[in-house]
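> Got a predicted structure here, sequence first:
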Amino acid sequence: MGSQRIARMTERKLVYHYTSAAGLLGILTTRTLWASSFRALNDISEIEYGLSRIQQALPGLNTADSRPEAINSLRELVLSASEDVLSREMFVLSASHNEDSLGLWRNYSDGGYAVGLATGFLGQVPTPSHVTYPTGASLVSNPARSGVGQGWQDVLYTEDSQNELIHETFANLLEWPSLHDPEDQMTRDGVMVSLAMLACRLKHPAFIEEAEVRVLFDRLPTTKTEYRVSPAGLVPYISVGAARTFTEPPRFSSLTSDPPDALPIRSLTCGPDDPIGRERRSGIATDALRDFGYEGVPVYGSDIPLRE
């Protein structure tokens, strides 16, 4: 690893979203990123794997707890979670801690670019034509569905780290006063969203080199589901952008009257190329960043040698 890369990795905490040239142009043009339906992940078995790991941890629940009815309710909800979770309109945005990974270049970007993002919160971008609430309606009337992702979360690959997170989540859910009634719809929805978020953070150990991080979104009624084409068919997605800071309760009208704020792009790395191609691509990328309002963002070339 070059000394320049080591220096900049210690300067700031970034995550890297790998994308193609077409994807980068879309990001710069719209100032948004696309969070894909987790039903359309590269392999749906990723979510099924996470749900199976959660269910495997059920015997660890302490049945001698002072609230056995809550434990029984949680067990019932976990065992019925697969169909419910997989049918939900939830969307995932992925990145990596690795800025320059051969596997990620090959699998996720077609040798394109890795967009270095500051790890702030991202929010859903509402579609004006879908806003049916009166002016002044609060966006966060239900804190569980604020439209803002829970922040970048590390994907876990080892059994020990997964078990620790699963039991931590179980402990938090058991604190819910309403958990004794699994038929209560708000309680059920809350638990299922929590289990979906948990399942998205659990991945098979074979993928540990990806060092993935994710943000999960529960789609708001004001956010339009759109579609893109992939080799596997149509993929539903929603647009997410920089989460604004408000001095008063946010209003739908203020979210839809202005274009999205600039994304927190802090660096751009071009995929493997020969020396001449690397210089050419870096120069063009620098110009594009400047023209789209990201002047001063540093552009780097991959340190991975291009195989002839």
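Looks like it arrived, so ask away.
> Bridged to residue 270, which residues?
residue 113, residue 301 (DSSP bridges).
> OK, contacts around it?
112, 113, 278, 281, 282, 285, 299, 300, 301, 302 (Cβ atoms under 8 Å, 6 or more residues apart in numbering). For the C-beta atoms, the positions are set from N, CA and C on the backbone; glycine is no exception.
> Pull up the gap between it and residue 280, please.
Going from residue 270 to residue 280 by Cβ to Cβ, to the nearest Å gives 9 Å.
> hang on, the earlier thing: what is the lowest-pLDDT residue among the contacts of residue 270?
When these are sorted by pLDDT, the bottom entry is residue 278 at 87.
> where do the strands sit along the stretch 201-308 of the chain?
Remark: strands assigned in the stretch 201-308 of the chain by DSSP state E, counting those that start in this stretch are 212-218, 226-230, 233-242, 265-270, 299-301.
> Mind putting the ones you listed into CSV with distance to residue 17?
Shown next, in CSV, are those (distance: least, Cβ to Cβ, whole Å):
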stretch, distance to residue 17
strand 212-218, 10
strand 226-230, 15
strand 233-242, 11
strand 265-270, 9
strand 299-301, 15
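> closest to residue 154 out of the ones you listed?
For residue 154, the closest of the strands of the stretch 201-308 of the chain is strand 212-218, at 5.6 Å, according to Cβ to Cβ.
> picking up where we left off before, which one of the strands of the stretch 201-308 of the chain lies nearest to residue 79?
Nearest to residue 79, of all the strands of the stretch 201-308 of the chain, is strand 212-218, at 21.7 Å by Cβ to Cβ.
> Pairing partners for that closest one, with directions?
Here strand 212-218 has these sheet partners by DSSP bridges: strand 90-96 (antiparallel), strand 153-154 (antiparallel).
> Show me the shaky parts of the stretch 101-250 of the chain.
Scanning the stretch 101-250 of the chain for pLDDT under 70 picks out the ranges 126-150, 182, 243-250.
> That one: helices as residue ranges?
Using DSSP state H, counting those that start in this stretch, the helices of the stretch 101-250 of the chain run over 102-104, 159-173, 185-199.
> possible to save the strands paired with strand 212-218 as JSON lines with mean neighbour count and distance to residue 295?
Shown next, in JSON lines, are the strands paired with strand 212-218 (neighbours: other Cβ atoms under 10 Å; distance: least, Cβ to Cβ, whole Å):
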{"stretch": "strand 90-96", "mean neighbour count": "23", "distance to residue 295": "23"}
{"stretch": "strand 153-154", "mean neighbour count": "16", "distance to residue 295": "31"}
